[in-house]
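Undergrad: sequence first, then the predicted structure, then my questions.
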Amino acid sequence: MENKFLYYLKPILRVLIFLFFIFLWSVPFSVLFQFEIFKFSDDLFSQLFFEFAAILIVVGALLMIFQIYPARNFETIFIKRNALIPFFRGSSIGFLLIGICATIMYFLNSVEFTSTKILPLNIAGYLLFFILVGVFEEFTFRSFPLVVFAERYLVPVTVLCNGILFGLIHYTNPGFSALAMANITLCGILFSIITLQKGNIWWAVGIHFAWNFTQGNLLGFKVSGLAQSGLIAAKPVGNPILSGGIFGIEGSAVCTIILIIYIFWLLFNQRIIPVKEIEAL
């Protein structure tokens, strides 16, 4: 019988191997960026290229990890072929969640909106950019790492660890705070829960995309502390606990409450399917 210590250590070792493969794939792209092989006069094009390269890196790492663990493939880590409908449904959830947060903040006099001038082509470019961001970050956090942890550890432990790690990668963002950490962690928990419930990562990709795009490019908030060009501009007003301050919506207690309510709604309305059952679907 397998030693219990090794039994619970294996998922961590497997994720470390996955991260090592990400590092390996990052090396050639880092060289390209370091020597400025590709130069872009437009910052948006540079961001699009960077995110596309990031997706290639994580997909390459996944393909390598599949060679070591043949039982794993894109289907078994929830990257299903039926992507469009889950993606659009997830996008509607992300749009709705941010819309509710922004509306509450507006009526609490915690934000002011002003008109801006932005080219429709730029909005389309940022739409594509945040789709790529959603794909990259969800493939990194809610694919192989989520599955191998969910197989061995209790689901609450799995989703909490996944959320905390997701929060920590935003630590260097401008305006990062304890409340921002809590909200980004809650986002990671939400993405993990809905992925395990639906057995399909594209729900999380859709929510993630719409969450960022709506707050940044439609409403003009900062996205995790990073400035974005929007159809309108959002200016935080008053107490940063309510307004989010320079971190944006994700730094606001309003966001905390909405995320907690939606997470509990998910948990009470649909069970989390064990990984083995999902793979059998």
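TA: Happy to help now that I have it.

Undergrad: going forward, measure contacts and count neighbours with C-alpha atoms only.
TA: Noted.

Undergrad: now do Glu2, the pLDDT please.
TA: Glu2 carries a pLDDT score of 64 in this model.

Undergrad: one more: Tyr8?
TA: Reading off the model, Tyr8 has pLDDT 84.

Undergrad: quick one, phi/psi of the nearest residue to it once chain neighbours are set aside?
TA: The spatially closest residue to Tyr8, leaving aside those adjacent along the chain, is Arg152, at 6.5 Å (CA to CA, 6 or more residues apart in numbering). Main-chain dihedrals, Arg152, degrees, to the nearest 10: phi -110, psi -30.

Undergrad: and Arg152, what does it touch?
TA: By CA atoms under 8 Å, 6 or more residues apart in numbering, Arg152 lies in contact with Tyr7, Tyr8, Pro11.

Undergrad: the last one touches Ala150, doesn't it?
TA: No. Under the contact definition of CA atoms under 8 Å, Pro11 does not touch Ala150, with a separation of 9.1 Å.

Undergrad: what's the separation between the residue nearest to Tyr8 and Phe129?
TA: Between Arg152 and Phe129 the distance is 35 Å, computed by CA to CA, to the nearest Å.

Undergrad: just Leu97 next, same as before
TA: From Leu97 to Phe129 the distance is 20 Å (CA to CA).

Undergrad: just Gly248 next, same as before
TA: 19 Å.

Undergrad: between those two, point out the one with more neighbours.
TA: Gly248 (28 against 21; other CA atoms under 10 Å).

Undergrad: phi and psi next, for the more buried one.
TA: phi 90, psi -170.

Undergrad: ok, now which ones touch it?
TA: Gly248 makes contact with Phe221, Lys222, Val223, Ser224, Gly225, Pro236 under the criterion CA under 8 Å, 6+ apart.

Undergrad: can I get those residues in CSV with pLDDT, neighbour count and distance to Glu138?
TA: Formatted as CSV, the contacts of Gly248 follow (pLDDT from 0 to 100; neighbours: other CA atoms under 10 Å; distance: CA to CA, whole Å):
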residue, pLDDT, neighbour count, distance to Glu138
Phe221, 94, 33, 22
Lys222, 93, 28, 21
Val223, 94, 22, 17
Ser224, 93, 26, 16
Gly225, 90, 22, 20
Pro236, 93, 24, 29
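
Undergrad: name the nearest residue to Thr116, ignoring sequence neighbours.
TA: Closest residue to Thr116 in three dimensions, ignoring its sequence neighbours and counting by CA to CA, 6+ apart: Ile232, at 5.2 Å.
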